[in-house]
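# pasting the sequence and the predicted coordinates here, then a few questions.
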Amino acid sequence: MALDPVLQELVDKAAIRDLMARYARGVDARDPDLLASTFTSDAYTDYGEWDGKGRNNIVNWIMRPSDTNFRSTHFMGDQAIQINGDSAEVETYAVAFGIHYVDGTPSVVMTGLRYVDTMVRQDGQWLVRHRVLHHDWRGNAPADVQLPSPDRVPASE
């Protein structure tokens, strides 16, 4: 039995939000399998400094080793989602925090991002088929890369 169209739209939008959360977790956890689960096999991406086709190429590029970037945290925000059957046009705002070496010094690099995606439903699952990533702004600040410990956390008074 098919869902009421309004309920189906809510279910689809929830699945698309989950897809973007999985993508962020895959990138931040450096988990290629989780990341791969978000793209079609023939996906195309344009990340600004790199564009490529094919899920494996995209995942390999995102997972590539880097001498300057060793931690990241992505926060996915507002989304505009326009569903048309088994296709959707999706724009997702995000803020990414990364620890990078800038001139040999660890820095927090903050970036405002917009993921502009065409997603498709395949075998009941939403996946990214085409992505253009826009970098809207960027800033950086010195980073304390040591993990907090009891002797580093200020005691409450």
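Looks like it came in fine.

# so the residue nearest the centre of the chain: helix, strand or coil?
In the chain, the centroid-proximal residue (Cα atoms, centre = their mean) is A24; its distance is 3.7 Å. What DSSP: H, G, I helix; E, B strand; the rest coil gives for A24 is helix.

# across the sheet, point out what pairs with the nearest residue to D51 once chain neighbours are set aside.
Counting by Cβ to Cβ, 6 or more residues apart in numbering, T45 is the residue found nearest to D51 once chain neighbours are left out, at 6.3 Å. Any C-beta I mention is one placed from the backbone N, CA and C, and that applies to glycine too. With DSSP bridges as the criterion, T45 is bridged to G52, R131.

# residue contacts, T45?
Counting by Cβ atoms under 8 Å, 6 or more residues apart in numbering, T45 makes contact with 39, 51-52, 58, 128, 130-133.

# re earlier: would you check that the residue nearest to the centre of the chain makes contact with M76?
Yes - A24 is within contact range of M76, at 5.5 Å (criterion: Cβ atoms under 8 Å).

# model confidence over stretch 38-47, on average?
Per-region confidence: stretch 38-47 scores 98 on mean pLDDT.

# hang on, the earlier thing: give me the pLDDT for the residue nearest to the centre of the chain.
97.

# before we move on, what about I99?
Per the predicted model, pLDDT is 84 at I99.

# only alpha carbons, please: show the helix or strand it falls within as CSV.
Using DSSP states H and E, I99 sits in strand 87-102. Below are the C-alpha coordinates for strand 87-102, written out as CSV (Å, rounded to 0.1, in the frame of the first residue of the first chain):
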residue,chain,number,x,y,z
SER,A,87,14.7,12.5,-8.2
ALA,A,88,15.3,15.4,-5.9
GLU,A,89,17.1,18.7,-6.2
VAL,A,90,18.8,19.4,-2.8
GLU,A,91,20.8,22.3,-1.4
THR,A,92,22.4,21.7,2.0
TYR,A,93,24.1,24.4,4.0
ALA,A,94,27.0,23.2,6.1
VAL,A,95,29.9,24.4,8.3
ALA,A,96,33.0,22.3,8.3
PHE,A,97,35.8,22.6,10.9
GLY,A,98,39.1,21.1,10.0
ILE,A,99,42.5,21.0,11.7
HIS,A,100,45.0,21.9,9.1
TYR,A,101,48.7,22.9,9.2
VAL,A,102,49.1,26.5,8.0
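
# fine, thanks again, bye for now.
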